[in-house]
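K.L.:
Sharing a model that was predicted from the sequence below.
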Amino acid sequence: MSSTPPPGVAPDRALVDAIDDTTATLRVGPGGTRVDLGADELPPEAEPGTWVILDLQLHPPLVLGVDEELTARRPR
């Protein structure tokens, strides 16, 4: 998986980096800051390589949904 985000990655977007039974590791914003959340907080369709939209006003951040446009542009 590429560590360089595609153009247009906003601070409120995160790449799902990994998911195990209980934890989802996200890379947030252009700098790829690591954030761990409960795996059950992701939308059901999220998998590694999916871009999600976050509400960063909350702690921990709230996943609002999948960014379909960024996810479609990911390298396969």
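P.N.:
Alright, I've got the coordinates.
K.L.:
Spatially nearest residue to residue 27 (excluding sequence neighbours)?
P.N.:
In space, residue 27 comes closest to residue 15 once its chain neighbours are excluded; the distance is 4.5 Å by CB to CB, 6 or more residues apart in numbering. Quick note: C-beta positions are derived from backbone N, CA and C, even for glycine.
K.L.:
just the strands in this structure please.
P.N.:
With strands called from DSSP state E, the chain shows them at 13-19, 23-28, 33-38, 51-55, 62-66.
K.L.:
Which among those strands is found nearest to residue 45?
P.N.:
strand 62-66 (6.1 Å; CB to CB).
K.L.:
Let me see the contact set for residue 14.
P.N.:
Residues in contact with residue 14 (CB atoms under 8 Å, 6 or more residues apart in numbering) are 26, 27, 28, 29, 35, 51, 52, 54, 61.
K.L.:
Quick check, residue 20 in contact with residue 40.
P.N.:
No. Assessed by CB atoms under 8 Å, residue 20 is found out of contact with residue 40, at 11.8 Å.
K.L.:
Pull up the distance across stretch 44-63, start to finish.
P.N.:
12 Å (CA to CA, to the nearest Å).
K.L.:
ah, wrong one, I meant stretch 60-71
P.N.:
Stretch 60-71: ends 22 Å apart by CA to CA.
K.L.:
what's near enough to touch the nearest residue to residue 70 once chain neighbours are set aside?
P.N.:
Counting by CB to CB, 6+ apart, residue 51 is the residue found nearest to residue 70 once chain neighbours are left out, at 3.7 Å. Contacts for residue 51 (CB under 8 Å, 6+ apart) come out as 9, 13, 14, 15, 16, 66, 67, 70, 71, 74.
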